[in-house]
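> This is a predicted model, with the sequence first.
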2 protein chains.
Amino acid sequence: MKTYLDCIPCFFAQALAVARISGANENMQKKVLDEVAQLAPSFSMESTPPETGRIVYQLVSRLTGNEDPYREIRKNSNQFILNLYPKLEAMVKNSEDRILTAIRLAIAGNIIDYGALPSFNSGQAFFNIEEEVRNSLKSKFSIFHYHEFKQALDNTKSILYLGDNAGEIVFDKLLIEELRKLDKEITYVVKDKPIINDVQVKDAHDCGIDKIAKVISNGGDAAGTVLNLCSKEFLDIYHAAPLIISKGQGNFETLSGERAPLFFLLKVKCPVIARDIGCKVKDMILKSNLPTPPEKTPTPHTGSLKT
Amino acid sequence: MKTYLDCIPCFFAQALAVARISGANENMQKKVLDEVAQLAPSFSMESTPPETGRIVYQLVSRLTGNEDPYREIRKNSNQFILNLYPKLEAMVKNSEDRILTAIRLAIAGNIIDYGALPSFNSGQAFFNIEEEVRNSLKSKFSIFHYHEFKQALDNTKSILYLGDNAGEIVFDKLLIEELRKLDKEITYVVKDKPIINDVQVKDAHDCGIDKIAKVISNGGDAAGTVLNLCSKEFLDIYHAAPLIISKGQGNFETLSGERAPLFFLLKVKCPVIARDIGCKVKDMILKSNLPTPPEKTPTPHTGSLKT
């Protein structure tokens, strides 16, 4: 997904939010906004928003000297959701369609997104996770390629799972557990360096993902999967993957234009993405990226729609 | 109210919204954002937001060549609410406390604010006025200086009424009618030149305000009452006014620091203003600006808290 003009005011709001979380005083917050203003005319509208976001976050990091302002937030989010895990696990266990319930919960966890919801409550809780869970269990999907997903599942043994945020990763764990019961092998992908509250290797370990999946880094530090910033090791795995679960907005924004056997699982939190998808903010999405529903095992892919 | 750092992203969002309403193509919209970015570091944080907003709107007007992009919107809003007038009038007539009901409705009308709600729906309806009316009639005020307002009413014959937006002016008409039944003389104040969907003399005439009040311009073109941009004629009337009803966010932002017998009637639509007031977005406010409730006729005032 390309950057829309509406993303520009949002980059300023994000810069301000991250400056505050970084502990910057008012003067430094103003300096951050002024420097974003200097850069803004050079933002490429052909890049995906997380590519530009990365530049903005790096700028804030350079000015404030805080390279990982979301460290505590990530830790607390993980711990908070780990405490809920037994309750969430029981929900899956007691449900009629365990895979679907686990997908619904994995999308519920996608609300824990500090990039999409900078707002004013910077650093404070701005969502009620229990309410989010309740809603996710009963809401209708606005795009629901579940049939295609199940078909793809039937035809593959290994799944590449592109993780998103701390806290949310514990919800992913539920879905990974269910996929393992179907004898699938999961490779769980995290970011290489800190970017907002996106998960890194440490988060995967803290949440026990390494016990149930192979955990790898994508080599990048964008809030999404910017292929040309990823490592060769990751790209080899990505291009060979027969089925890719992509969590969250950042992965959608950076991969929606790629030709790959992707299934996007996300909660839409941003009006620009909603417009791009053709849905509404707050909608739940399970979207296949394949032009036609996969009938057989998707063949390995190497190119992107852009090339 | 001074400008907060959170206003800066919003100035970009407003610039984009008004560029679109002005008919600018994507390239021109980008140019508008780039020029706002150039100006942004020089925005005074000591000014009120409508003072900076005025600079932004002037910039867009200069670039797009459209000096009054909200002309049709104003006309349509007025006509739309005029059609509802008999229904609204009946609500006041059938209510127990007619002044209070008229105040509630005057606040309901304050939702018609294209400056505070630029969003994406630029130019499209982004509120449901009938729902707004229903909510306003039953919602609790978060600040409710009604007793002080009634006292002030008892002690004065003339009222200066600072208007706000098109469409909303028809709601103001209901309150003015009720105030006239108490033998009050109303002077209704409009903006001198186009700024967003704020009312001008033509709107007051189109809605029949000139039949029930003296209509004057404040001489300014900001989305609020920026005293140092107002005409001497207006300032003389303002400084002598024993009671001033101030409608909407713009008037609140520009006058909240003034020492004057002001009563602010507004629907809070912006999180920065909510924080400044100490309330929440969507709250209804009837707020006296006097340090102590007025016991007698307030004496004419000449100074501001700033001086």
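Yep, that arrived. Numbers count the residues shown, from 1 in each chain, chains lettered A, B, ... in the order given.

> Tally up the residues packed near the closest residue to chain B within the stretch 151-300 of chain A, please.
Closest to chain B within the stretch 151-300 of chain A is A:Pro271: 5.3 Å, counting by Cβ to the nearest Cβ. All C-beta spots, glycine's among them, are computed from the backbone N, C-alpha and C. Other residues near A:Pro271 come to 16 when the count uses other Cβ atoms under 10 Å in any protein chain shown.

> Model confidence score at it, please.
For A:Pro271, the model assigns a pLDDT of 92.

> Hmm, it is touching A:Lys282, no?
No - under the criterion of Cβ atoms under 8 Å, A:Pro271 is not in contact with A:Lys282, lying 10.5 Å apart.

> For the residue of the stretch 151-300 of chain A closest to chain B, give its distance to A:Lys138.
23 Å (Cβ to Cβ, to the nearest Å).

> Same check on A:Ile196?
29 Å.

> ok, those two, which is more surrounded?
Applying other Cβ under 10 Å to A:Ile196 and A:Lys138 shows that A:Ile196 carries more neighbours, namely 28 against 7.

> residues contacting the closest residue to the more buried one other than its chain neighbours?
Nearest residue to A:Ile196, sequence neighbours excluded (Cβ to Cβ, 6 or more residues apart in numbering or on different chains): A:Gly115, at 4.5 Å. Counting by Cβ atoms under 8 Å, 6 or more residues apart in numbering or on different chains, A:Gly115 touches A:14, A:53, A:196-197, A:223, A:249-250.

> Same question for A:Ser22.
Contacts of A:Ser22 by Cβ under 8 Å, 6+ apart are A:60-61, A:64, A:66, A:69.

> With A:Asn110 instead?
Contacts of A:Asn110 (Cβ under 8 Å, 6+ apart): A:164-165, A:168, A:171, A:247-249, A:265-267.

> Verify the contact between A:Arg104 and A:Ile285 for me.
No - using Cβ under 8 Å, A:Arg104 makes no contact with A:Ile285, being 11.8 Å away.

> Please say which of those two ends up with more neighbours.
A:Arg104 (26 against 23).

> Low-confidence ranges, the stretch 1-150 of chain A, go.
For the stretch 1-150 of chain A, the stretches with pLDDT under 70 are A:116-126.

> Strands of that one, start to end?
Remark: strands assigned in the stretch 1-150 of chain A by DSSP state E, counting those that start in this stretch are A:141-144.

> In it, mark out all the helices, start to finish.
A:7-21, A:26-39, A:49-64, A:71-93, A:98-108, A:129-138, A:146-154 (DSSP state H, counting those that start in this stretch).

> Nearest to B:Asp183, out of the ones you listed?
B:Asp183 sits nearest to helix A:7-21 of all the helices of the stretch 1-150 of chain A, at 48.4 Å, using Cβ to Cβ.

> Report all helices and strands that the closest one contacts.
For helix A:7-21, the packing partners by 3 or more Cβ pairs under 8 Å, 6 or more residues apart in numbering or on different chains; DSSP states H and E come out as helix A:26-39, helix A:49-64, helix B:7-21.

> could I get the ones you listed as TSV with distance to B:Glu177 and mean neighbour count?
Listed next are these as TSV, based on distance: least, Cβ to Cβ, whole Å; neighbours: other Cβ atoms under 10 Å in any protein chain shown:
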stretch	distance to B:Glu177	mean neighbour count
helix A:26-39	46	18
helix A:49-64	50	21
helix B:7-21	32	24
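
> closest to A:Ile216 out of those helices?
helix A:49-64 (19.1 Å).

> how distant is that closest one from the center of its chain?
18 Å (Cα atoms, centre = their mean, to the nearest Å).

> tell me the domain ranges of chain A?
Listed domain ranges for chain A are A:7-64, A:71-288 (source: automatic domain parsing).

> Would you mind listing what in the stretch 1-150 of chain A touches chain B?
Within reach of chain B by Cβ under 8 Å from any Cβ of the partner chain, the stretch 1-150 of chain A has these residues: A:5-6, A:8-10, A:12-13, A:16, A:26, A:29-30, A:33-34, A:37-38, A:40-41, A:45, A:119-120.

> could you say which helix or strand contains A:Ala274?
In the assignment (DSSP states H and E), A:Ala274 maps to helix A:271-277.

> What helices and strands are in contact with that helix?
Helix A:271-277 packs on helix A:248-255, going by 3+ Cβ pairs under 8 Å, 6+ apart.

> Following element in sequence after the helix it packs on, please.
By DSSP H and E, the next helix or strand past helix A:248-255 is strand A:262-267.

> Looking at that following strand now, give me its mean pLDDT.
On average, strand A:262-267 scores 98.

> and if you look at stretch A:214-231?
97.

> List the buried residues in it.
A:214-227, A:229-230 (16 or more other Cβ atoms under 10 Å in any protein chain shown).

> Stretch A:73-86 now?
So for stretch A:73-86, counting by 16+ other Cβ under 10 Å, buried means A:73-74, A:77-78, A:81-82, A:84.

> ok, so what distance separates A:Glu131 from A:Ile244?
30 Å.

> do A:Ile212 as well
Taken as Cβ to Cβ, the span from A:Ile212 to A:Ile244 is 18 Å.
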